[in-house]
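**Q** Give me the fold of what follows.
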Amino acid sequence: MGLWKRFRDWRQGQNAADRATETPEQALDRAIREMVSALESAHAHFAELTTYERQIRAARDKSMAEARTCEAEARRHVLTGRDDLARVALGRKAEHDSVAAEYQRQWETQNAVMLALKAQIETLAGQQRDAVRNRDLLLARERAANAQMRMRETLESAQKLAPVQAIRDTEARAVAEAELAGWIPSRSQREEFASPDPETQFAALREQTAPPAPPPLPLWFPDTPKQETLVEPIPETITQARDVWFADEPRVETGPELIHPPWFEPEPQHPPSNTEPSANAVFANPAPDLWFPEPSHGLPNENALPPGANRMLQPAATYHVSLGWEAPPSKTVPLGVCAILCGVDGLARGLSDVVAEPQRSAGDGSIAQNAVPVPHQADATVFTVQVESVPPDVQKVVFAVFVDDEAATYFLREVITSVYVRVWHGETGNELATFLHAPTEPERASLLAEVYRHRGGAWKVRAFGQGFGDGLEALLQSYGIGET
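**A** Numbering: from 1, shown residues only. Now for the predicted structure:
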């Protein structure tokens, strides 16, 4: 037998001996301490699982974000005609999607384990609370039993002293009877009560219980005869003098109107004025250089689209697409707008598919500029899309804004704060979608949105917000138009 085994056996024997000699309170405290230790271990394990779950979730979110980045990159390459780079970006997106799916599976498994452990911890905590409550109840019962046992022992001890107390009571009763019979004198009585003669005792009682005599009258309180008091009447000629403080009090004559005291000066009454008050000196002449943009007529609202989002349009025979921007009144710049008809391949067939000044309509009449009044005064222009007149080989119509100056050296962000596009229902006039773009990059043209065909003859709108630093020329080249 090894030394370690002998030590373990000895320790087990010691623990068994300690448990045999411990009180019920100590046994309950030991059980509760073991439950608290197990609960602390479970909490520590749950904290480790929570940390690992957060790491998995962060890795999943990172993979999903990289996948979205690759998707956006592929979309930009498709718009610029770089299909090879778009395929590479889509391949990277697929890899990130697979990694995100694996992290999602691990996260779900870890979350299920954490939920099970949390339920076990709650059960163990409930058992620990019940144990503490039961311990207090058992200890209270034990203390009550001990108190009853001590009371029983006290009563048993008192029963053992009962014969001695009976002897003492008999002696006291005999002494009292002897005192009443006059055989022995009492410590609380005089010697007369010790005599058995009843007459002597009666005389002593009468002496003690006789009422006291009234005290004699003092010498300084003689019995004097009663005299009548004469009251002289007040002569009628004597009048009561007035108080010296109010002898010369001035009299104030009061009339029908209220007389104000001399220290009260009523506020003068001014006639009402019909003139307008003068303007405030601070705001009378505001600084002419300050510019406060007007409200953007509900942008953004519940119909607003973020960049890259799309929305299904309500069926209609005509759609109105209005464009506008917000700029300081002091900065009047030549900005142009255009609409480009694109085929299934995403490219325009030629300059005839570009609707812009001075060509305000497409050759087939499906797209027209300013054919109807603008819906809002702030809108710069409006394009009308006749759905039935759009050629079958036209897949979409894109809308853009650009700096209409070939010699311009400035960018859109330097002259406007934002540019927007709205899509309206031609029959009801309801607003279907809006998109607000605030140029932040050095761009001279911005691709705002496109209206494109969908399955079943439906139409959808997609928001872009893509900028072109080289202006309208780069925009047209991205749609296959080499000449401006």
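**Q** Double-check that Asp405 belongs to a helix.
**A** No - assigned with DSSP: H, G, I helix; E, B strand; the rest coil, Asp405 falls outside any helix and is coil.
**Q** Now do the SS call for Asp470.
**A** Going by three-state DSSP: Asp470 is coil.
**Q** Quick one: residues contacting it.
**A** Residues in contact with Asp470 (CB atoms under 8 Å, 6 or more residues apart in numbering) are Arg444, Ala445. Any C-beta I mention is one placed from the backbone N, CA and C, and that applies to glycine too.
**Q** quick one, domains of this protein?
**A** The chain breaks down into these domains under automatic domain parsing: 3-157, 310-478.
**Q** any idea which of those domains is most buried?
**A** Burial of these is given as mean neighbour count (mean count of other CB atoms under 10 Å); domain 310-478 ranks first at a mean of 18.
**Q** so how far is the first residue of that domain from its last?
**A** One end of domain 310-478 to the other measures 21 Å (CA to CA, to the nearest Å).
**Q** other SSEs contacting the helix or strand harbouring Gln395?
**A** If you go by DSSP states H and E, Gln395 is part of strand 394-403. The contact analysis (3 or more CB pairs under 8 Å, 6 or more residues apart in numbering; DSSP states H and E) places strand 394-403 against strand 318-326, strand 335-343, strand 381-386, strand 445-453, helix 472-478.
**Q** neighbouring contacts of the helix or strand that that strand is followed by?
**A** Per DSSP H and E, the first helix or strand lying C-terminal to strand 394-403 is strand 418-425. Under the contact criterion CB under 8 Å, 6+ apart, strand 418-425 has outside partners 296, 299, 313-314, 316, 319-326, 375, 379, 399, 401, 412, 430-439, 446, 448-449, 451, 461, 463.
**Q** returning to what we had before: so which of the domains of the chain comes closest to Arg206?
**A** The minimum distance between Arg206 and the domains of the chain falls on domain 3-157, with 51.4 Å, by CB to CB.
**Q** Can you check which of the helices and strands packed on strand 394-403 gets nearest to Arg30?
**A** strand 445-453 (74.5 Å).
**Q** Averaged pLDDT, stretch 132-151. What do you get?
**A** The pLDDT scores in stretch 132-151 average 80.
**Q** Name the residues that touch that stretch?
**A** Contact partners of stretch 132-151, identified using CB under 8 Å, 6+ apart, comprise Pro24, Glu25, Leu28, Asp29, Ile32.
**Q** Mind exporting the C-alpha coordinates of it to PDB?
**A** Presented in PDB, the C-alpha positions along stretch 132-151 are these (Å, rounded to 0.1, in the frame of the first residue of the first chain):
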ATOM      1  CA  VAL A 132     -31.000  28.000   3.100                       C
ATOM      2  CA  ARG A 133     -34.700  28.300   3.800                       C
ATOM      3  CA  ASN A 134     -35.000  24.700   5.000                       C
ATOM      4  CA  ARG A 135     -31.900  25.100   7.200                       C
ATOM      5  CA  ASP A 136     -33.400  28.100   9.000                       C
ATOM      6  CA  LEU A 137     -36.600  26.200   9.500                       C
ATOM      7  CA  LEU A 138     -34.800  23.100  10.900                       C
ATOM      8  CA  LEU A 139     -32.600  25.200  13.200                       C
ATOM      9  CA  ALA A 140     -35.700  27.000  14.500                       C
ATOM     10  CA  ARG A 141     -37.400  23.700  15.200                       C
ATOM     11  CA  GLU A 142     -34.200  22.400  16.900                       C
ATOM     12  CA  ARG A 143     -34.000  25.500  19.200                       C
ATOM     13  CA  ALA A 144     -37.700  25.100  20.100                       C
ATOM     14  CA  ALA A 145     -37.100  21.400  21.000                       C
ATOM     15  CA  ASN A 146     -34.100  22.300  23.100                       C
ATOM     16  CA  ALA A 147     -36.100  25.000  24.900                       C
ATOM     17  CA  GLN A 148     -38.900  22.500  25.600                       C
ATOM     18  CA  MET A 149     -36.300  20.000  26.900                       C
ATOM     19  CA  ARG A 150     -34.800  22.500  29.300                       C
ATOM     20  CA  MET A 151     -38.300  23.500  30.500                       C
END
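**Q** when you give positions from now on, start the count at 886
**A** Okay, residue one is now 886; in that scheme the one you just asked about reads as stretch 1017-1036.
**Q** Now tabulate the contacts of stretch 1017-1036 in a markdown table and tack on pLDDT.
**A** What follows is the contacts of stretch 1017-1036, written out as a markdown table (pLDDT from 0 to 100):
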| residue | pLDDT |
| --- | --- |
| Pro909 | 71 |
| Glu910 | 73 |
| Leu913 | 78 |
| Asp914 | 80 |
| Ile917 | 82 |
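**Q** I'd like to know which of the residues you listed is nearest to Glu1041.
**A** Here the nearest of the contacts of stretch 1017-1036 to Glu1041, counting by CB to CB, is Pro909; it sits at 25.2 Å.
**Q** what residues are up against that closest one?
**A** Residues near Pro909 by CB under 8 Å, 6+ apart: Leu1023, Leu1024, Glu1027.
**Q** wait, which of those is closest to Ala1063?
**A** Ranking the contacts of Pro909 by separation from Ala1063, with CB to CB as the measure, puts Glu1027 on top at 54.2 Å.
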